[in-house]
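Chemist: Got a predicted model here, sequence first, then my questions.
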Amino acid sequence: MTIKLSALIAPVVLLLSACGSDTNYNFDAQEEINDATTAALDPPEALFSPADGVLPFPSSLLLQGSEDGTINIPVADPGDLSDPQVALNQMDGFSTVAPISAAVSRPVDAATVVLGQTVRVFEITADPVTTVITGIVAELGNTDVAVTTQGNQIVIIPVRPLKEKTSYLVALTSGITDASDVPEALAPSLSYRLVTGSTELTGPVGSQLEPLRQLTLAQLGALTGAGVEASEVVLSWTFQTQSISDVLQAVKNQTTAQPLVVVNSSLTTSFVDGLAGKADVYIGTLDLPYYQTAPAAENPDFDAVLNGFWTAANGGFVTRFNPAPESTTTVTVPVLMTTPNGNSAVGGTAPASGWPVTIFQHGITRNRTDMLALADAMADAGRAMIAIDLPMHGLVNPTDAIHAESTAFPTDQERTFGIDVLGMETEDGEVGDGIPDPS
């Protein structure tokens, strides 16, 4: 059991005061003194106790010990991807848009939580391996982030996405006070006092905290250089954001042009109700590398298809340190294309350089035929359109005129892979309804 000294001192003060001989005793004044004494012994704290897993979030400390540059939160079962912390451990940094928060021991006065004064946020440079801060780039302002409070949390919310694969430094100062009638300044925790001290930490426990002390002193040094009084800092930490473009750029770099085969379907857009037939409809196929898990024809493992994810050649996670995913197979996917015909405003004769092309991308749960709703307007503008389906999307009715099974191409396959996801409850549990689902 932990007994706080403040819980004992107030009754003692009251007892001693009651023993006085002054018949004009001022109880109200004494109560204020008692409250002030108690508050001084138990100030509001910016919570920080790495040994107990109490950290601001996100924090670069959660990258410590990583062997591949990914987040390294201790988890019970590293293979359980249903655990959000396990999934987070696949990333090489933290979100560029999610809130940043620090816990405090009791609610604070929101009016004292002021960006640029009591809450300071800086873009920094840091060693990619040790995460030690090496310099300050710029301080973030109101056009970058906003600050607020939520219960016992001080929260920093990006107003616009932070930069990818970039390190940031956050500092809270003692100008923040609690929300009590007698406001008290926010104070550092015991752990933070230890890692900001000038004395080297030694011994079995201290030696484990010494690297953290070095990290924190580097933060305070950088803050001092930016005009922040180190003695007023009650909590500081760094975090780095995830990479966003590296993997897609690696895919682009390793992708080679493939033949695109299309034929005139003899249809115009008029086969769709409400369209005027200003564009001719072409169908075709395209061979594409596939980076997720495609079901085997003889033994389709739909769970693997639904839950698989990109991996690198060594089986590791794809990150900025290991950005190139490994293709699992090649799939032949259906292609839908339209070009202006004689009914369009520009006529059906293509320019010498060919029709300019608009690539259409449908939304999640939809399919490539959504393109047809725009095809006539694009035809009037003198533009061709082309579309394929997202992975695990496509047409499910094989009698559809442009379904893969209705075309003359023998190898193309709807990207739904025939997966029957949406099911029905039976006595034996949930089973598919026998109808492949479009997405």
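Modeler: Sure, I can see it. For clarity, every value in this text was computed on a predicted model and none was experimentally measured. Numbers count the residues shown, from 1 in each chain.
Chemist: what are the ranges of the helices in the chain?
Modeler: 5-18, 27-41, 84-88, 190-195, 203-225, 246-254, 302-307, 372-380 (DSSP state H).
Chemist: Where among the ones you listed is average confidence lowest?
Modeler: Looking at the helices of the chain, the lowest mean pLDDT belongs to helix 5-18 (a mean of 36).
Chemist: residue contacts, the closest residue to residue 294 other than its chain neighbours?
Modeler: Distances taken as CB to CB, 6 or more residues apart in numbering place residue 329 nearest to residue 294, at 5.2 Å, with adjacent residues excluded. For every residue, glycine as well, the C-beta is placed using N, CA and C. Taking CB atoms under 8 Å, 6 or more residues apart in numbering, we find residue 329 in contact with 289, 290, 294.
Chemist: Let's have the residues you listed in CSV, adding pLDDT, neighbour count and distance to residue 317.
Modeler: Formatted as CSV, those follow (pLDDT from 0 to 100; neighbours: other CB atoms under 10 Å; distance: CB to CB, whole Å):
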residue, pLDDT, neighbour count, distance to residue 317
289, 92, 16, 19
290, 90, 15, 18
294, 78, 21, 20
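Chemist: So which of these belong to strands?
Modeler: Counting by DSSP state E, those place 289, 290 in strands.
Chemist: just to revisit the earlier point, what bridges to the residue nearest to residue 294?
Modeler: On the basis of DSSP bridges, residue 329 is bridged to residue 290.
Chemist: For residue 127, see how far away it is.
Modeler: 40 Å (CB to CB, to the nearest Å).
Chemist: Over to residue 375?
Modeler: From residue 375 across to residue 127, the span is 53 Å (CB to CB).
Chemist: And residue 255, by the same measure?
Modeler: When residue 255 is compared with residue 127 (using CB to CB), they lie 33 Å apart.
Chemist: Show me where the stretch 201-350 of the chain dips below the pLDDT cut-off.
Modeler: Along the stretch 201-350 of the chain, segments meeting pLDDT under 70 span 296-301.
Chemist: hmm, try it at 90
Modeler: 201-209, 256-261, 292-309, 313-317, 329, 331-332 (pLDDT under 90).
Chemist: contacting residues for the residue nearest to the spatial centre of the chain?
Modeler: Nearest to the geometric centre of the chain sits residue 95, at 3.3 Å (CA atoms, centre = their mean). By CB under 8 Å, 6+ apart, the contact list for residue 95 reads 58, 241, 242.
Chemist: Give me the buried subset of those.
Modeler: 58, 241, 242 (16 or more other CB atoms under 10 Å).
Chemist: what ranges do the strands span in the stretch 301-439 of the chain?
Modeler: Applying DSSP state E, counting those that start in this stretch to the stretch 301-439 of the chain gives strands spanning 329-340, 357-360, 384-387, 423-426, 429-432.
Chemist: Next: the stretch 1-150 of the chain.
Modeler: 45-46, 100-103, 119-126, 133-139, 145-150.
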